[in-house]
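Colleague: Quick one, structure for this:
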Amino acid sequence: MNDHQVIIRAAAATDAETITSFNAAMARETEYLELDRERLRAGVKALLDNHSLGFYLVAEMGGAVVGQLMITYEWSDWRNGTFWWIQSVYVRPEDRGRGVFRQLYDAAEKMARASGGSCGLRLYVEGENERAQQVYERMGMRPTSYRLFETDFAMRR
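Modeller: Numbering: from 1, shown residues only. Next comes the predicted model:
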């Protein structure tokens, strides 16, 4: 196998520490947040243990996990189908620009289309993260007219 070949696979319980580290790095890089590591680890493990919540896909190169994305679900009564939400996207800085995210996205899109119940893919991105927004547009995604509002019981900003 070529060390630059990207392998996409479903994450396993053994990936929990890598995913936890990647999520912490992503929060630090994109939102300047230091996440509670124990809460984060428990959240990662909860999803890995309960597939009704969603799943992670990971990208491997040369035997190392170099990227990830998480899928969660949202029911749309308007479409009578489920949106697959892409979240927790992260590619190691030294592996960016090598098509890792493209392959993760393509795998998620293929799985969603094959699922029979998915009506599309969605994601949210930090408003100032223009680089990521350009990547998502190159994938064929388009901005919506919606804005995101929340009441967060777990984290204070």
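
Colleague: my read is Arg9 is in a strand, agree?
Modeller: Yes. Assessed by DSSP: H, G, I helix; E, B strand; the rest coil, Arg9 belongs to a strand.

Colleague: Wait, a helix at Thr72?
Modeller: No. Counting by three-state DSSP, Thr72 falls outside a helix, being strand.

Colleague: Enumerate every residue touching it.
Modeller: Residues in contact with Thr72 (Cβ atoms under 8 Å, 6 or more residues apart in numbering) are Leu53, Gly54, Trp84, Trp85, Gln87. In this view, the C-beta of every residue, glycine as well, is placed from N, C-alpha and C.

Colleague: Low-confidence bits of the chain, can you list those?
Modeller: 1-2 (pLDDT under 70).

Colleague: Report the spatially closest residue to Ala107, excluding sequence-adjacent ones.
Modeller: Using Cβ to Cβ, 6 or more residues apart in numbering and skipping the chain neighbours, the partner closest in space to Ala107 is Ile8 (4.4 Å).

Colleague: surely that neighbour meets Arg102?
Modeller: No. Counting by Cβ atoms under 8 Å, Ile8 does not reach Arg102; the two are 10.4 Å apart.

Colleague: Which one's more surrounded, those two?
Modeller: Taking neighbours as other Cβ atoms under 10 Å, Ile8 and Arg102 compare with Ile8 leading, 19 against 14.

Colleague: For the more buried one, give its distance to Arg39.
Modeller: Ile8 sits 28 Å away from Arg39, going by Cβ to Cβ, to the nearest Å.

Colleague: give the contact list for Tyr90.
Modeller: Contacts for Tyr90 (Cβ under 8 Å, 6+ apart) come out as Phe22, Asn23, Ala25, Met26, Gly67, Gln68, Leu69.

Colleague: Among those residues, which pair sits farthest apart?
Modeller: Ala25 and Leu69 (14.2 Å; Cβ to Cβ).

Colleague: Comparing the two, which shows the higher neighbour count?
Modeller: Using other Cβ under 10 Å, the more surrounded residue of Ala25 and Leu69 is Leu69, with 23 against 14.

Colleague: List phi and psi for the residue positioned nearest the centre of the chain.
Modeller: Closest residue to the average C-alpha location of the chain: Leu69 at 2.6 Å, with Cα atoms, centre = their mean. In terms of degrees, to the nearest 10, the main-chain angles of Leu69 are phi -150, psi 160.
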